[in-house]
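Participant: Fold the stuff below for me.
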Amino acid sequence: DCNEESKNSKSSDSILPPSEVAKSLCQLLQTFGSNERTCVEKILKELFSSGDMDMNIAVELWKIVTECKNDSRNIDAFEGSHKKTSNIGVALTILTIIARSIDDKNTSDAKFALAVHHGLSQEIFTSLDFSSMKSCCMFLQECQPFSIKDVNSTAETMQEKRNLFDTVTKKLVAIILGNMCEDNEEFTRAWFPACEEAIHALFHFHPSADIVLSTVVTSMYASFAIKNVEISKQDTENVMCSNARLSRFMFVLGQVSMNSLVFADKLSQQAKKFVLMNAKEENAKNMDSSNEEKANEDDADMNAAIDADHDNCFLYTTEKSLVLANLLGEFHPIIALVVANQSNKYSNILLRETSILALCKYMCVSSIICEKYLPLLFTALENEKIESCCTTIMLAFGDLMLRFPNSMEAWTPLMYSRLSDEKVVVRYNALMVLTHLILNDMVKVKGQVAHVVMCLTDSDSSIADMAHIFFIKLAERSNNPVYNLLGDIISVLSREKE
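Facilitator: Sure thing, here's the model as predicted:
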């Protein structure tokens, strides 16, 4: 008994207090890279959701957020500092994980205000602490302080909420504009994740995010004209925009187009649900209780008609409105011009990465845009020397195949041909995308799979290993497609040898 008591006392002594756990978690996440942090975040989410972690840790994390002073560092000494995350940023990241694990969208207004006050403070902006900006924006997406329940609040409380609403909107717009980066490409690269999360946060809590972002896009475009006027006073022949500024503009265009698609889908689902509910109530009033079977059939027909109407409306909006008949539609020719790079004026690595990504996102919104620029994208993949751009294009092909299979079907042979590309990264990503699509029945297995057979002897071991796994998984299917395609595979391989 004495031994058991001593063991229990030792185990209780070994449990750290919440304050120490909070500090240790912050230190742990600061030392990890992005892949390791993703794993740790997953573990923490499971621990908090299961109740194995003390919720008092959240209290201590809020103390870190409120008491921690961001290091005021010189902008000239920024090099490399964006790779580190401040205590405020790490604490807000863990608080975001806690909010997700307990699935609590009713975070108090006080905590929302604290996150904005400290996570988006002037010191954070001055020191270009993009990691803290990103973390704060992620936390804001787990909050919903501006709900319909505010109608019952007092006039004073409502005014405070409006002030907070205006403050956070201005701060998010400041992040998205990215003026603090100026013409510095290093700052701009660090800004991308913060900008992405800021756009997500704006769409999350602002009822008219599309209107706010239209003014942001207009302002960014107008700033080019202002800058050009200043330059043209000195040099009337060479009027240009910096690669960093143009890259930020491209990034915002692409991200806003994708978020607009998600936003439109959300509104469509809400509208469909509302109309369906009203129609059911109307039918319930007029329903003949003596013929229940006929009433159920009428309900089913009504549901199908409402679904069809809303789907057609959503399809029209995404196909012809979001990136064609509005402000965003004015810029896809400019994005395509930069991607084409016929005059070699747009060869900057950062600019090429963002312009190709923006074009891919536009194409994911509308099949009209997709079909228009698919030839350009395949040409860019063939001529592109920057590996990151090739990776973006190949991954985009996978997304486009899922989104618009009919538009992409004719281009499937060209996707298979990338398995023979000179660049290892292109071959690897092409095989990864095709493996995912084929095993998920998004692409039919045909004789072109012979190109995957040739990957079995690829000089890169990772490609050869992936090809082996592909055929193992394919052979596990009941219809045995490998056996059925053997004749076509041998025929294609024979022609390749000749």
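Participant: Which of the helices or strands spans the residue positioned nearest the centre of the chain?
Facilitator: When CA atoms, centre = their mean is applied to the chain, the residue found nearest the centroid is Glu196 (7.1 Å). Taking DSSP states H and E as the criterion, Glu196 maps to helix 185-205.
Participant: Nearest spatial neighbour of Ser347, chain-adjacent residues omitted?
Facilitator: Asn341 (6.3 Å; CB to CB, 6 or more residues apart in numbering). In short, each C-beta sits where N, CA and C put it, glycine included.
Participant: Compute the number of surrounding residues for that neighbour.
Facilitator: 17 (other CB atoms under 10 Å).
Participant: If I look at it, what pLDDT would I see?
Facilitator: For Asn341, the pLDDT comes out at 90.
Participant: For it, give its distance to Glu409.
Facilitator: Separation of Asn341 from Glu409 (CB to CB, to the nearest Å): 28 Å.
Participant: now do Leu253
Facilitator: To Glu409, Leu253 is 28 Å away according to CB to CB.
Participant: Just the pLDDT for Met53.
Facilitator: Met53 is given a pLDDT of 79.
Participant: in what helix or strand does it lie?
Facilitator: Met53 belongs to no helix or strand, assigned by DSSP H and E.
Participant: Okay, it and Leu114: tell me how far apart.
Facilitator: From Met53 to Leu114 the distance is 21 Å (CB to CB).
Participant: List the contacts of the nearest residue to His332 once chain neighbours are set aside.
Facilitator: Leaving aside its chain neighbours, His332 sits nearest to Tyr362 (5.3 Å; criterion: CB to CB, 6+ apart). Tyr362 sits next to 253-254, 257, 323, 328, 332, 335, 369, 373 when contact means CB atoms under 8 Å, 6 or more residues apart in numbering.
Participant: Please repeat the previous calculation with a cut-off of 7 Å.
Facilitator: 254, 257, 323, 332, 335, 369 (CB atoms under 7 Å, 6 or more residues apart in numbering).
Participant: residues of stretch 377-389 that come out buried?
Facilitator: Across stretch 377-389, burial judged by 16 or more other CB atoms under 10 Å covers 377-378, 380-381, 384, 386, 389.
Participant: of these, the lowest pLDDT goes to which?
Facilitator: Pick the lowest pLDDT in the buried residues of stretch 377-389 and you get Glu384, at 87.
Participant: What strand or helix carries the nearest residue to it once chain neighbours are set aside?
Facilitator: For Glu384, ignoring the flanking residues on the chain, the nearest one in space by CB to CB, 6+ apart is Cys390 at 5.3 Å. Applying DSSP H and E as the criterion places Cys390 in helix 387-403.
Participant: which is the next helix or strand following that helix?
Facilitator: helix 405-408.
Participant: gap between that next one and the chain center?
Facilitator: Its chain's C-alpha centre and that of helix 405-408 lie 23 Å apart, by CA atoms, centre = their mean, to the nearest Å.
Participant: by contact count, what packs against the following helix or strand past it?
Facilitator: Per DSSP H and E, the first helix or strand lying C-terminal to helix 405-408 is helix 412-417. Contacts defined by 3 or more CB pairs under 7 Å, 6 or more residues apart in numbering; DSSP states H and E place helix 412-417 against helix 424-439.
Participant: Next, the angle from the helix it packs on to helix 387-403.
Facilitator: Helix 424-439 runs at 10 degrees relative to helix 387-403, counting by axes from the mean of the first three to the mean of the last three CA atoms, to 10 degrees.
Participant: Nearest residue to Glu46 in space, please, no chain neighbours.
Facilitator: Ser101 (7.6 Å).
Participant: where does the stretch 151-300 of the chain dip in pLDDT?
Facilitator: Along the stretch 151-300 of the chain, the parts satisfying pLDDT under 70 run over 151-154, 225-240, 282-300.
Participant: Show me where it has its strands.
Facilitator: Using DSSP state E, counting those that start in this stretch, no strands are found in the stretch 151-300 of the chain.
Participant: What segments of it are helices?
Facilitator: Under the criterion DSSP state H, counting those that start in this stretch, helices of the stretch 151-300 of the chain are mapped to 155-177, 185-205, 209-232, 243-286, 292-316.
Participant: Point out the most buried one among the ones you listed.
Facilitator: helix 185-205 (a mean of 21; mean count of other CB atoms under 10 Å).
Participant: and that helix, C-alpha only, in CSV?
Facilitator: Taking C-alpha atoms only, helix 185-205 is exported to CSV below (Å, rounded to 0.1, in the frame of the first residue of the first chain):
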residue,chain,number,x,y,z
GLU,A,185,9.8,40.0,-52.8
GLU,A,186,10.9,38.4,-49.5
PHE,A,187,8.3,40.2,-47.5
THR,A,188,5.7,39.4,-50.2
ARG,A,189,6.4,35.6,-49.9
ALA,A,190,5.9,35.8,-46.1
TRP,A,191,2.7,37.8,-46.7
PHE,A,192,0.9,35.2,-48.9
PRO,A,193,-0.3,32.9,-46.0
ALA,A,194,-1.5,35.9,-44.0
CYS,A,195,-3.4,37.3,-46.9
GLU,A,196,-5.1,34.0,-47.7
GLU,A,197,-6.3,33.6,-44.1
ALA,A,198,-7.4,37.3,-44.0
ILE,A,199,-9.6,36.7,-47.1
HIS,A,200,-11.0,33.6,-45.5
ALA,A,201,-11.8,35.5,-42.3
LEU,A,202,-13.4,38.4,-44.1
PHE,A,203,-15.8,36.0,-46.0
HIS,A,204,-16.5,34.2,-42.7
PHE,A,205,-17.9,37.0,-40.6
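Participant: for it, packing partners?
Facilitator: helix 130-140, helix 155-177, helix 209-232, helix 243-286, helix 349-365.
Participant: Out of those helices, which gets nearest to Gly447?
Facilitator: helix 349-365 (28.0 Å; CB to CB).
Participant: any idea of the mean pLDDT for that closest one?
Facilitator: Computed over helix 349-365, the average pLDDT equals 95.
Participant: List the buried residues in it.
Facilitator: By 16+ other CB under 10 Å, the buried positions in helix 349-365 come out as 350-365.
Participant: And these, which is closest to Met133?
Facilitator: Thr354 (18.7 Å).
Participant: Against Gly329, how distant is the closest one?
Facilitator: From Thr354 to Gly329 the distance is 19 Å (CB to CB).
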